[in-house]
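Enquirer: make a model of this:
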Amino acid sequence: MNLRKTLTAVLPALIATILTQPAHAAFANTTLTIVGSDQLGPLMSRLNALFIKSAPLTAVQMNLKGSSVALNALATGAATIAPLGRLPWLSELNTFKAITGHPALLVPVAYAGWGPNNTQRMPPAIYINRENPISALSMDQLARIFTTGQNAGDIEIWSQVNVSGPLGKRHIHIYGAADDGRTITALRTSYFHHTPFAPSYENLDSDEAAITAVADDHAGIALGGWMNNYSIPATVRILPLLDTTGTPSSPDQSGIGQGRYPLRQYVFLAVDPNTSLPNAAATCQFVRTALSDDGQRAVSASISNDNQILPLSPAERDLQRMRIEKTICAVTGISKH
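Expert: Numbering: from 1, shown residues only. The predicted structure follows:
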């Protein structure tokens, strides 16, 4: 009877101890394989060094050959974590789901790019002719200009967005690179509610061609993807977009770093959300590390001319922390440190 009482008293605490075992014990003999963007090498090396401190018995292998191989490697089990420096393409998402039976989990851990800057890489933005007086557009207005089928109807004339004078009477000429399943398609599906481009959308050969078209067209507007910073003509300007408070925001370091610019891009860690996988606990801990205060300082330390990334805003960081605790970290049984 005394033994039964003793077991009854200590068993709950024993179970709790097991379920919240130290990270290094839970990850013993575990190997994480990181496959993805080569441009994120400095950041991933820093995150790996932080992760190993909490999981010294875990081996980490990195094979960074580009974002284009990331999700395929994750789907086939060749990768545990797949870092991406851009939005995933529709074909990549569909392939992952076809192989695994469920979507990949994409966790933003940093902002990707800002501009204009002193590098050649300009992140996605909206461009108009400098002769156009419009000061800013909301994301709803932008979607209604570039796509068709939005609930509030299409916007086709500049006067519909409060442009007056002769330009206000003109049709809006919309330009962009080809809707070919890659960057422009990813922007359309991610930011414009999966609706198709308007019939008047002109598919051009490149982002640079779309910007050049606007340079010669006062009634033009272009959706530009990642492009050469030095290819923006002097007669073209970046159009600010309204943030969630209705304040105009640009894709500069302030607008991106504060999480205000609506078209901001991310560095993602793509993972398989299946928590029954053998390395699920280690995956959870690695992503926790990336979103930790030290992990976000590692983002800041990784900024260079070739790697224009920024740490997440506090609000967005906290949102992603809560998100992973409800998904990949929900049943791992590994305590936070």
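
Enquirer: average pLDDT for whichever strand or helix holds Glu316, rounded please.
Expert: Assigned by DSSP states H and E, Glu316 belongs to helix 314-325. For helix 314-325, the mean pLDDT works out to 97.

Enquirer: packing partners for that helix?
Expert: For helix 314-325, the packing partners by 3 or more Cβ pairs under 8 Å, 6 or more residues apart in numbering; DSSP states H and E come out as strand 105-112, helix 280-291. (C-beta placed from N, C-alpha, C; glycine too.)

Enquirer: okay, now the unreliable bits of the stretch 201-337 of the chain?
Expert: 332-337 (pLDDT under 70).

Enquirer: hmm, who's touching the helix holding Glu316?
Expert: Val107, Pro108, Val109, Gly259, Cys284, Val287, Arg288, Leu291, Gln296, Pro311, Leu312 (Cβ atoms under 8 Å, 6 or more residues apart in numbering).

Enquirer: go on, stretch 230-241?
Expert: Residues contacting stretch 230-241 (Cβ under 8 Å, 6+ apart): 116, 120, 122, 125-131, 134-139, 142, 208, 211-212, 214-215, 221, 248-251, 261-263.

Enquirer: ok, now with 7 Å
Expert: 120, 125-130, 134-137, 139, 142, 208, 211-212, 214-215, 248-251, 261-263 (Cβ atoms under 7 Å, 6 or more residues apart in numbering).

Enquirer: show the buried residues in these.
Expert: The neighbour count (16 or more other Cβ atoms under 10 Å) marks 125-129, 134, 136-137, 139, 142, 208, 211-212, 214-215, 248-251, 261-263 as buried among those.

Enquirer: which ones among those map onto helices?
Expert: Members of those lying in helices (criterion: DSSP state H): Met139, Leu142, Glu208, Ile211, Thr212, Val214, Ala215.

Enquirer: any idea which of these is closest to Phe51?
Expert: Among those, Met139 lies closest to Phe51 (Cβ to Cβ), at 35.6 Å.

Enquirer: so that closest one versus Leu312, what's the distance?
Expert: 20 Å (Cβ to Cβ, to the nearest Å).

Enquirer: and what of Ala55?
Expert: In this view, Ala55 and Leu312 are 23 Å apart by Cβ to Cβ.

Enquirer: for the helix or strand hosting Leu269, which outside residues touch it?
Expert: Using DSSP H and E, Leu269 sits within strand 266-271. Residues outside strand 266-271 that contact it (Cβ under 7 Å, 6+ apart): 40, 70-71, 74, 81-85, 104-112, 283, 287, 290, 309, 328.

Enquirer: same thing with stretch 293-306?
Expert: Residues contacting stretch 293-306 (Cβ under 7 Å, 6+ apart): 39, 42-43, 46-47, 50, 110, 118-119, 289, 309-312, 317.

Enquirer: for PyMOL, write the selection for the buried entries among those.
Expert: Of those, the buried ones can be selected in PyMOL as follows, counting by 16+ other Cβ under 10 Å:
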select buried, resi 39+42+43+46+47+50+110+119+289+309+310+311+312+317
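
Enquirer: between the contacts of stretch 293-306, which is nearest Gly165?
Expert: Gly165 lies nearest to Asn118 out of these, by Cβ to Cβ, at 36.4 Å.

Enquirer: can you check the pLDDT for that closest one?
Expert: Predicted confidence (pLDDT) for Asn118: 66.

Enquirer: got the ones in helices among the buried ones among the contacts of stretch 230-241 as TSV, with distance to Phe268 columns?
Expert: Listed next are those as TSV, based on distance: Cβ to Cβ, whole Å:
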residue	distance to Phe268
Met139	20
Leu142	23
Glu208	26
Ile211	26
Thr212	31
Val214	30
Ala215	33
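
Enquirer: the nearest residue to Ala219 once chain neighbours are set aside: neighbour count?
Expert: In space, and not counting its chain neighbours, Ala219 is closest to Arg170: 4.4 Å by Cβ to Cβ, 6 or more residues apart in numbering. By other Cβ atoms under 10 Å, the residues close to Arg170 number 17.

Enquirer: Arg170 is in contact with Gln160, isn't it?
Expert: No - between Arg170 and Gln160 there is no contact under Cβ atoms under 7 Å: 11.2 Å.

Enquirer: how's the protein carved up into domains?
Expert: 2-113+265-325, 121-257 (automatic domain parsing).

Enquirer: run through the bridge partners of the spatially most central residue of the chain.
Expert: Among the residues of the chain, the one closest to the centroid is Tyr266, at 2.9 Å (Cα atoms, centre = their mean). Taking DSSP bridges as the rule, Tyr266 bridges to Tyr111.
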